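Visitor: Sequence first, predicted model second:
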Amino acid sequence: MTAAPTTSVLSAPVDLNHPGHYVHWGVVQISVTNLVVICLMVVVFVAALLLPFPARAA
């Protein structure tokens, strides 16, 4: 049986039928995906602190 055209379009771009990848630090265990998301949030937060606000037009 073949997949309908809408099913193939809406399917995940990555094969999700395998175990996830995890990072272990002693008792701490976190998935690589969640670690990447947390790192990106920290980068955006630091950029928001360091980048200057645009000057007001007088």
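Guide: Received it, and whenever you're ready, just let me know what you need.
Visitor: which stretches of this structure form helices?
Guide: Applying DSSP state H to the chain gives helices spanning 5-10, 32-50.
Visitor: Which strands and helices lie in contact with the longest one?
Guide: Taking 3 or more CB pairs under 8 Å, 6 or more residues apart in numbering; DSSP states H and E as the contact definition, the neighbouring helices and strands of helix 32-50 are strand 22-25. Heads up, the C-betas are built off the backbone N, CA and C, glycines and all.
Visitor: In terms of secondary structure, what does the strand it packs on contact?
Guide: Packing contacts for strand 22-25, counted by 3+ CB pairs under 8 Å, 6+ apart, involve strand 28-31, helix 32-50.
Visitor: How about residues contacting stretch 35-45?
Guide: Taking CB atoms under 8 Å, 6 or more residues apart in numbering as the criterion, the residues outside stretch 35-45 that touch it are 23, 30.
Visitor: Hmm, I typed the wrong one, I wanted stretch 23-34.
Guide: Contact with stretch 23-34 is made by 20-22, 35, 38, as judged by CB under 8 Å, 6+ apart.
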